[in-house]
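K.L.:
Predicted model, plus sequence, below.
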Amino acid sequence: MERCCAGLKKFFKIELIAAGLVLAGCVLYFLNPSDEPTHNGRTLTEWVDELPPLPTRVDDDSEPARAIRAMGTNALPRLIPMVRLPGRGVSQQILDTFESLPMIQPVPYGRAMKAAYAFRFLGSNANSAIPELSRMFYAEDHPLWANVALANIEPEGVNVLIEAASNPKLEIRKAAIDAFIFAKPSAALRVPMLIHTARDADLFIRHAAASALGNATQAPDLALPALTNLLFDTNKSVRIRAMVSLGIQAESATNAIPVLLSLTNDPDPDVRKMASQMALRIRFFATNTTWESSIAAKQTDSRPVDE
């Protein structure tokens, strides 16, 4: 009996050592720069780090974009691990904190977020990454940027998120919608889904939809009416988020000014303040007036706002 137990212990010890060697090999594979694809003498990681921190500033014809595009499918074995940022709970709480700040776009998380953008440069070459990104997206420790990576693969990756937007799990639905805050795929694919989710019974889903619709600058004729409707939402946070999104699309949102001005009489001081600020912002960008004249217009058209 003792000999049998000793044999089993030796067997499991060997198995553990073998598993450790395999794990170490995987780590070395992903950390060894010599395994990285290169373009013009620079590695994929170096090109990814050159990307701007916000999606609105990503230029599809920039030098990093052209370099990543030239690497094609060779970039995928490195690019997929880059988007990993485990821990949906903590990351999502941080994200929600930044979303709650009215005039601040959600802050990116370094290389992981930039890597998620990079999938857009690969076009159909990124399609083979969809199964692994989908698995990551639906995993319990959902890497925060797997959803954004899917949103940057058109149309197949976007379709995965559109389907996920009707998932029974709230976290999955919200993550699917959040992806479009950080990515700019074709409006024809995403905006109808966002308009539908803007009427969801859950306030967190409506809030996420209000945020994402602000980024739908390619289809203001669809997005702006939905955002204007959200100004009458029963939840204060959703209404304020809709105002901020209208402010993001200021140059096209002049039709929302009368509604915003009416909300400067709202009983809630936060709603009054944001409505006044966004009406001012929209008027400023739409009429191309000076800041001083916009301030004068605000004093004429809006009642003082409680601080």
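P.N.:
Right, received. Where do you want to start?
K.L.:
Tell me how many other residues crowd the closest residue to Val83 other than its chain neighbours.
P.N.:
The shortest distance from Val83 to any residue other than its chain neighbours is 4.3 Å, reached at Trp145 (C-beta to C-beta, 6 or more residues apart in numbering). Heads up, the C-betas are built off the backbone N, CA and C, glycines and all. For Trp145, the neighbour count with other C-beta atoms under 10 Å is 29.
K.L.:
Can you list phi and psi of Trp145 for me?
P.N.:
phi -100, psi 0 (degrees, to the nearest 10).
K.L.:
pLDDT weak spots in the stretch 201-307 of the chain?
P.N.:
Regions of the stretch 201-307 of the chain meeting the criterion pLDDT under 70 cover residues 288-307.
K.L.:
Helices along that one, start to end?
P.N.:
203-213, 220-230, 236-248, 257-262, 269-287, 291-301 (DSSP state H, counting those that start in this stretch).
K.L.:
As CSV, those with distance to Ala151 would be great.
P.N.:
Shown next, in CSV, are the helices of the stretch 201-307 of the chain (distance: least, C-beta to C-beta, whole Å):
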stretch, distance to Ala151
helix 203-213, 10
helix 220-230, 16
helix 236-248, 17
helix 257-262, 29
helix 269-287, 26
helix 291-301, 35
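K.L.:
does the residue nearest to Val83 really touch Met113, like I thought?
P.N.:
Yes - applying C-beta atoms under 8 Å, one finds Trp145 in contact with Met113, separated by 5.4 Å.
K.L.:
Quickly note the distance from Pro77 to Glu36.
P.N.:
According to C-beta to C-beta, to the nearest Å, Pro77 and Glu36 sit 9 Å apart.
K.L.:
Would you mind telling me which of the two has the busier surroundings?
P.N.:
Glu36 (19 against 15).
K.L.:
burial count for the closest residue to the more buried one other than its chain neighbours?
P.N.:
Nearest residue to Glu36, sequence neighbours excluded (C-beta to C-beta, 6+ apart): Thr43, at 4.3 Å. Residues near Thr43, counting by other C-beta under 10 Å, number 18.
K.L.:
go on, Val83?
P.N.:
Neighbours of Val83 using other C-beta under 10 Å come to 27.
K.L.:
Kindly report the same for Ala242.
P.N.:
For Ala242, using other C-beta under 10 Å, the count is 29.
K.L.:
if I pick it, what's in contact with it?
P.N.:
Ala210, Leu213, Leu227, Thr228, Leu230, Leu231, Asp233 (C-beta atoms under 8 Å, 6 or more residues apart in numbering).
K.L.:
can you check Phe121 too?
P.N.:
Asp60, Ala65, Arg66, Ile68, Arg69.
K.L.:
hey, where'd the strands end up in this protein?
P.N.:
38-39, 42-43 (DSSP state E).
K.L.:
quick one, which of those is nearest to Val191?
P.N.:
Ranking the strands of the chain by proximity to Val191 (C-beta to C-beta) places strand 38-39 first, at 34.4 Å.
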